[in-house]
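Visitor: Predicted model follows, preceded by the sequence.
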Amino acid sequence: IIVTTRDKQVLAREFANVYQVEALKFDESMRPFNLNAFKQKHLQAEYQELSKKVVDYAKGIPFVLKLLGHRLRGKDKEIWESQLEGQVHNKKVHDIIKLSYNDLEEDEKKIFLDIACFFYGLQLEVKYIDFLLKDRDYSVVAGLERLKDKALISISQENTVSMHDIIQETARQIAGQESIEDPRSQRRLFDPDGVYEVLTHNKGNEAIRSIVINLLRMKQLHLKPQVFTKMRKLHFLNLYTAGTRDILLCEPWGLYLPQGLESLPNELRYLGWTNYPLESLPSKFSAENLVELHLPYSRVKKLWQEVPDLVNLKVLILQSSSNIKELLDFSKAPNLEVIDL
């Protein structure tokens, strides 16, 4: 008897040999896609490059390859191109992923959304995600195993956590439903327009848990010193630039703090800020919960005027911050594991 399931835990190990189906390789993926898109094993020459892009998007998941093939069958190249420009969304795929999501406990849903909306693409190890998401009410490691059992995340042999692009899209749809009308009530901000609205007009509040944005996708930002004052429960902040080295080294990166920065939330566990524009972090920022600090290409001269107790700090990245004159007192960070200067 062969049983297939989206949830590994439904299989009693003493009565079953469990085989985890791996994703198809690229060449293997072409065949089921071609059969559904063109009703033949080989693709049509004029659709070759477009087909490769769709297959790459599916990341080897047979069901996704089948659905996308059906969706694009008989459509002209202009339709294919327009679908690819906005990613090839398919309601059936997202609905199936949502079924798995709905089976999760509340703490597991929280971990799932945090990974999708903030940690996606960072390739963090399980131990660092455990530190970053640590909560006295539940086990993060157990939650990660549950997500893995339901095929919502993958954990590599190197113990790094990753998520399929399509699953991440679905997770962000779910997170976006927290508030369609008002981004201020969303807990996880990742949309450029929503982040711009909140930061520029000081609309932050205690509901916000995470903010992540590629600064190169943002309109020019002029922030007030109190921009983070109301975000007392902000745990994760990542203002990064994804581009070439030339882009990273050009100014002004579109973000300004002309009057400085009054404070950062003391609940922050991950702080990433490419080209942080000030000479030090705010004195009111205790950093007692900070696990990872990433300030590449910053203008920092001294991280703190008076170094706080950084008992939870494990990662410190100051890559290409050439203005640094004085490093922190490392005795204040007894658990520091990674330093990149």
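Guide: In hand now; what should we look at? Everything numeric here is computed off the predicted structure, so don't read it as measured data.
Visitor: Give me the contacts around stretch 231-241.
Guide: 114, 118-119, 132, 204-216, 228, 247-248, 253, 255, 264-275, 289, 294 (C-beta atoms under 8 Å, 6 or more residues apart in numbering). C-betas here are computed from N, CA, C, even on glycine.
Visitor: repeat that with 7 Å
Guide: With C-beta atoms under 7 Å, 6 or more residues apart in numbering as the test, stretch 231-241 has contacts from 118, 204-206, 208-216, 228, 247-248, 253, 255, 265, 267-274.
Visitor: Also stretch 323-336?
Guide: Residues from elsewhere that reach stretch 323-336 (C-beta under 7 Å, 6+ apart): 299-304, 307-314, 316, 318.
Visitor: swap the cut-off to 8 Å and go again
Guide: Here stretch 323-336 makes contact (C-beta under 8 Å, 6+ apart) with 279, 298-304, 307-316, 318, 341.
Visitor: Among the residues you listed, name the buried ones.
Guide: 298, 300, 303-304, 307-308, 310, 312-316, 318 (16 or more other C-beta atoms under 10 Å).
Visitor: farthest-separated two in the residues you listed?
Guide: Spatially, the most separated pair among those is S298 and N312, at 20.9 Å (C-beta to C-beta).
Visitor: Would you map the strands across this structure?
Guide: Ranges of strands within the chain are 154-155, 161-162, 188-189, 210-214, 221-222, 236-240, 255-256, 270-273, 292-294, 315-317, 338-340, based on DSSP state E.
Visitor: can you give me the helices in this protein?
Guide: Applying DSSP state H to the chain gives helices spanning 26-38, 48-58, 62-72, 77-85, 91-102, 106-114, 126-133, 140-149, 165-176, 192-200, 245-249.
Visitor: Now tabulate those helices in TSV and tack on mean pLDDT, mean neighbour count and distance to L239.
Guide: Supplementary listing: those in TSV, determined by pLDDT from 0 to 100; neighbours: other C-beta atoms under 10 Å; distance: least, C-beta to C-beta, whole Å:
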stretch	mean pLDDT	mean neighbour count	distance to L239
helix 26-38	85	18	34
helix 48-58	84	18	28
helix 62-72	76	19	32
helix 77-85	77	13	26
helix 91-102	81	15	28
helix 106-114	95	19	18
helix 126-133	95	20	17
helix 140-149	93	18	25
helix 165-176	89	19	18
helix 192-200	90	18	9
helix 245-249	45	11	13
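Visitor: want to throw those helices into a markdown table with distance to F285?
Guide: Listed next are the helices of the chain as a markdown table, based on distance: least, C-beta to C-beta, whole Å:
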| stretch | distance to F285 |
| --- | --- |
| helix 26-38 | 46 |
| helix 48-58 | 40 |
| helix 62-72 | 43 |
| helix 77-85 | 41 |
| helix 91-102 | 35 |
| helix 106-114 | 22 |
| helix 126-133 | 17 |
| helix 140-149 | 25 |
| helix 165-176 | 27 |
| helix 192-200 | 17 |
| helix 245-249 | 25 |
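Visitor: Span of stretch 200-215 from start to end?
Guide: One end of stretch 200-215 sits 13 Å from the other (C-alpha to C-alpha, to the nearest Å).
Visitor: nearest spatial neighbour of L341, skipping sequence neighbours?
Guide: Of all residues not flanking L341 in the chain, L318 sits nearest, at 5.3 Å (C-beta to C-beta, 6 or more residues apart in numbering).
Visitor: Ok, R187 next?
Guide: For R187, ignoring the flanking residues on the chain, the nearest one in space by C-beta to C-beta, 6+ apart is R209 at 4.4 Å.
Visitor: again, but for F131
Guide: Excluding the flanking residues, the one nearest F131 by C-beta to C-beta, 6+ apart is V291, at 4.9 Å.
Visitor: Q40 too?
Guide: Nearest residue to Q40 in three dimensions, chain neighbours excluded: N34, at 6.2 Å (C-beta to C-beta, 6+ apart).
Visitor: Identify the residue nearest the residue nearest the centre of the chain in space, chain neighbours excluded?
Guide: Note on the chain: the residue nearest the mean C-alpha position is Y120, at 2.6 Å, using C-alpha atoms, centre = their mean. In space, and not counting its chain neighbours, Y120 is closest to Q168: 5.2 Å by C-beta to C-beta, 6+ apart.
Visitor: now do S263
Guide: Nearest residue to S263 in three dimensions, chain neighbours excluded: K284, at 4.2 Å (C-beta to C-beta, 6+ apart).
Visitor: okay, now the one you found: neighbour count?
Guide: When neighbours are defined as other C-beta atoms under 10 Å, K284 has 11 of them.
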